[in-house]
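1. can you look at this prediction? I've put the sequence above it.
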Amino acid sequence: MKNASVVRGDEVEIVQTTWGTLQWLISARNGSSDAMTIGRVTFKPGQANPRHHHPNCEETLVVVTGQIDHLLPDGSSVMLRPGDGVVIPRNGVHQARNTGDTEAVVIVAFDSANRETINEPA
């Protein structure tokens, strides 16, 4: 049995992007989990992450603050507000866009500790 892993949010690297930030709190990469990845993602107002998919895992996203228009794999989109969530199946192409005028914060979880991401051509 593996011992419990404690991860301090203020000790985890924050990756800056043009559209926001990524902070991978739980994952195999930092040695905290053999089974899942959990992250905190921020989106600047009016910004979106690239269209992408995850070939090796399902993704669950829950909005903490702000509002996100989420493009779904079938081409439709859904508006998500605090407390709302969406589950994206493995290989489902998706994208999140902050449609509000304040930063949006989401928690994302993947059913793999070694999450793979493939960006779609622009």
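-> Thanks, I have it. On a predicted model such as this, the values are computed, not experimentally measured, just so you know.
2. where does pLDDT dip in this structure?
-> Applying pLDDT under 70 to the chain flags residues 1.
3. who's in contact with the most centrally placed residue in it?
-> The chain has residue 108 as the residue nearest its centroid, 3.9 Å off, counting by CA atoms, centre = their mean. The contact partners of residue 108, taken as CB atoms under 8 Å, 6 or more residues apart in numbering, are 37-41, 59-62. C-betas here are computed from N, CA, C, even on glycine.
4. so how do I select the buried members of those residues in ChimeraX?
-> Listed next is the ChimeraX selection for buried residues among the contacts of residue 108, using 16 or more other CB atoms under 10 Å:
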select :37,38,39,40,41,59,60,61
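5. for the contacts of residue 108, give me CSV that also has secondary structure and distance to residue 72.
-> CSV is the format used below for the contacts of residue 108 (DSSP: H, G, I helix; E, B strand; the rest coil; distance: CB to CB, whole Å):
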residue, secondary structure, distance to residue 72
37, strand, 21
38, strand, 21
39, strand, 20
40, strand, 22
41, strand, 17
59, strand, 12
60, strand, 14
61, strand, 11
62, strand, 16
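6. which residues of the chain fall in strands?
-> Residue ranges of the strands in the chain, as given by DSSP state E, are 15-16, 20-26, 37-43, 52-53, 59-65, 68-71, 77-80, 85-88, 95-98, 104-110, 118-119.
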